[in-house]
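Novice: Show me the folded form of this:
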Amino acid sequence: MPEDAHRSPAGLSSATPPLTLVFGASGYIGTHLVPRLCASGARVRAVARSPEVLAARGWDSVDCVAADATRPETLPAALDGVDIAYYLVHSMAAGKDFGRIDREAAANFAQAAAAAQVKRIVYLGGLVPDSANTEHIVSRRQTGDVLRTGSVPVTEIRAGIIVGPGSAAFEVMRDLVFHLPVMVTPRWVLAHSPPIALDNLLEYLLRIPTLPDTAGKILDAAGPDSLSYADMMRILADEANHRRPWIIPVPLLTPKLSSYWLHLITSVPTPVARALIEGMRQDFTADNREIQQLVPQKLLNFRESVQAAFEAERLHTVAARWTEGAFVFRNYRSDYAYYAKHAEGSALAQASPEAVWATLSRIGGDHRYFYMNSLWKIREVIDWLVGGQGLNYGRRHPSELRVGDTVDSWRVIGMQPQRRLTLFFGMRAPGSGVLEFELTPEGDGTRIRATGFWHPAGVWGLMYWYALVPAHLFIFSGLTRAIAREAEALSVDPTLHSRPD
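Specialist: Below is the predicted model:
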């Protein structure tokens, strides 16, 4: 076979790499899998509901497409010409009805994949104990069953807890370890599960569809350890150089009851965290002998997996936009939550992006903050009273910005002129924050969106956020309207910004 030939899923040689679809590319696994596929030489099409999220990934060689499995009319274009389709979506964040949504989405996808003559579907599911009765676990199994009702061969990989930055289960455990020194827990903390390192799982996903014999198989993927959740949290604490939590299991506290206070401890989206906790009431086992024979690799144990996760953060190899947990924007703090809380406001300016950008670029310094400057002043004084830099006013230039500039107590950490400006929050607070402005052409004008993102530090960081959400919503809404008005005035009189304030 020529060196540049590639092996198709059916084992046939082809001079052109098969087109690989990652459906759910904006999610945790998809965000990491796409670069791996590209590095292997695959042609990749990434699909998500939001094209803006995919655009922010910076995948220049990837065909990025918007589609939604709950809207079947969007699927034919996404699946056109596809050989291998990774199905990585779930609807846990939708709340109580996510099981029905998952089944409908899988049925739509199976039908569309058959019509597009896709050769293989690879579905990442979860380990399923025989006694499973929670919707999260049952839904993952049913999704695989529904995908198999179609004519396209399905390979299902069932994995337990995935150990890596951004994995919902890993982040729940991390938040508990860092911010709950004493845990009165249900007996689920004594249940056992075989965790798997993110890198090991990605290797399985990358290689399995290239093996013809894996078509139609259900394969368990797991690491070498079977540990209780309590033991995992103790090991996580050790590797983070943090004091081990006191874990006190009690028989009367059920996983369902314990899930209700999770929003006070972790920033993992509450529906997702609740579904995960409620699914932890039984032991999980895995028989990974077959997948290990098919794809031999060194499996990291749990301690090594945690070490790899922390190292990935330190080396900035976490393949996600900062709002999903990049280490630098959590102020290099492992104890700051990976997932961000956010609040936003928006307004439509009857002005060009150039006029809006010229207005926005004057933020801070002598010009101040367009709206409710008295509230900004109060927050700055409070920061100064607790030893912060809140009263350090000023900026390098009154109307020009560049990455690295200090704007009062903010720092410019990202900018795309006429599109996006990102400011890092420099005041003292229990967490790490960013304020981001996005400008999007809309009709004859420009949509201005201001979003505050907050990575809380445990209970106090979450309480700080919840206390200020009403103020944030009020200020961001008024702020964007004020920027719109000033940009509209600039469009009428281009000399406006050349005059003294």
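
Novice: and residue 449, that one's in a strand?
Specialist: Yes. Secondary structure of residue 449 (DSSP: H, G, I helix; E, B strand; the rest coil): part of a strand.

Novice: Distance of it relative to residue 343?
Specialist: Distance of residue 449 to residue 343, given as CB to CB, to the nearest Å: 11 Å. C-beta here means a position set from N, CA and C on the backbone, and glycine is covered the same way.

Novice: Give me the common contacts of the two.
Specialist: Counting by CB atoms under 8 Å, 6 or more residues apart in numbering, no residue touches both residue 449 and residue 343.

Novice: what about the two, which has more around it?
Specialist: residue 343 (20 against 16; other CB atoms under 10 Å).

Novice: what residues are up against the residue nearest to residue 193 when sequence neighbours are not counted?
Specialist: Leaving aside its chain neighbours, residue 193 sits nearest to residue 284 (4.2 Å; criterion: CB to CB, 6 or more residues apart in numbering). By CB under 8 Å, 6+ apart, the contact set of residue 284 is 127, 129, 160, 191-194.

Novice: Tabulate these in JSON lines, adding columns for pLDDT, secondary structure and neighbour count.
Specialist: Listed next are these as JSON lines, based on pLDDT from 0 to 100; DSSP: H, G, I helix; E, B strand; the rest coil; neighbours: other CB atoms under 10 Å:
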{"residue": "127", "pLDDT": "90", "secondary structure": "coil", "neighbour count": "22"}
{"residue": "129", "pLDDT": "83", "secondary structure": "coil", "neighbour count": "16"}
{"residue": "160", "pLDDT": "89", "secondary structure": "coil", "neighbour count": "22"}
{"residue": "191", "pLDDT": "85", "secondary structure": "coil", "neighbour count": "18"}
{"residue": "192", "pLDDT": "90", "secondary structure": "strand", "neighbour count": "16"}
{"residue": "193", "pLDDT": "91", "secondary structure": "strand", "neighbour count": "24"}
{"residue": "194", "pLDDT": "95", "secondary structure": "coil", "neighbour count": "23"}
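
Novice: Name the nearest of the residues you listed relative to residue 405.
Specialist: Residue 405 lies nearest to residue 160 out of those, by CB to CB, at 45.7 Å.

Novice: Tell me how far the closest one lies from residue 81.
Specialist: In terms of CB to CB, residue 160 sits 34 Å off from residue 81.

Novice: Leaving out chain neighbours, which residue sits closest to residue 170?
Specialist: residue 163 is the one closest to residue 170 (CB to CB, 6+ apart), at 5.5 Å.

Novice: Could you list the buried residues of stretch 76-88?
Specialist: Within stretch 76-88, the residues scored as buried using 16 or more other CB atoms under 10 Å are 78-80, 82-88.

Novice: For it, give me every contacting residue.
Specialist: 8-9, 18-25, 27, 29-30, 33, 45, 47, 65, 67, 106, 109, 112-113, 115-116, 118-124, 147, 152, 205, 209.

Novice: For PyMOL, write the selection for the buried entries among those residues.
Specialist: In PyMOL, the members of the contacts of stretch 76-88 classed as buried (16+ other CB under 10 Å) are selected with the following command:
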select buried, resi 8+9+18+19+20+21+22+23+24+25+27+29+30+33+45+47+65+67+106+109+112+113+116+118+119+120+121+122+123+124+147+152+205+209
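
Novice: Could I get the buried residue list for the host helix or strand of residue 100?
Specialist: Element membership for residue 100 (DSSP states H and E) is helix 98-115. Using 16+ other CB under 10 Å as the test for burial, helix 98-115 gives 98-99, 101-103, 105-113.

Novice: Give me the buried positions along stretch 372-385.
Specialist: Applying 16+ other CB under 10 Å to stretch 372-385 flags 372, 376, 379-380, 383-384 as buried.

Novice: Equivalent analysis for stretch 460-474, please.
Specialist: 461-462, 464-465, 468, 472.

Novice: Stretch 164-173 now?
Specialist: Using 16+ other CB under 10 Å as the test for burial, stretch 164-173 gives 164-173.

Novice: Endpoint to endpoint, that stretch covers what distance?
Specialist: By CA to CA, to the nearest Å, the extent of stretch 164-173 from end to end equals 12 Å.

Novice: Not counting its own residues, what contacts that stretch?
Specialist: 28, 31-32, 161-163, 197-199, 229, 232-233, 236, 262, 266-269, 272-273, 276-277, 305, 308-309, 312-313, 318, 320, 324-325, 337-339.

Novice: Let's see which of the residues you listed end up in helices.
Specialist: Judged by DSSP state H, those include 28, 31-32, 198-199, 229, 232-233, 236, 272-273, 276-277, 305, 308-309, 312-313 as members of helices.

Novice: Are any of those residues buried, and if so which?
Specialist: 28, 31-32, 198-199, 229, 232-233, 236, 272-273, 276-277, 305, 308-309, 312-313.

Novice: ok, back up a step: secondary structure, pLDDT and distance to residue 436 added to the buried residues of stretch 372-385, as TSV?
Specialist: Below are those laid out as TSV (DSSP: H, G, I helix; E, B strand; the rest coil; pLDDT from 0 to 100; distance: CB to CB, whole Å):
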residue	secondary structure	pLDDT	distance to residue 436
372	coil	93	19
376	helix	91	17
379	helix	91	18
380	helix	90	20
383	helix	88	20
384	helix	91	25
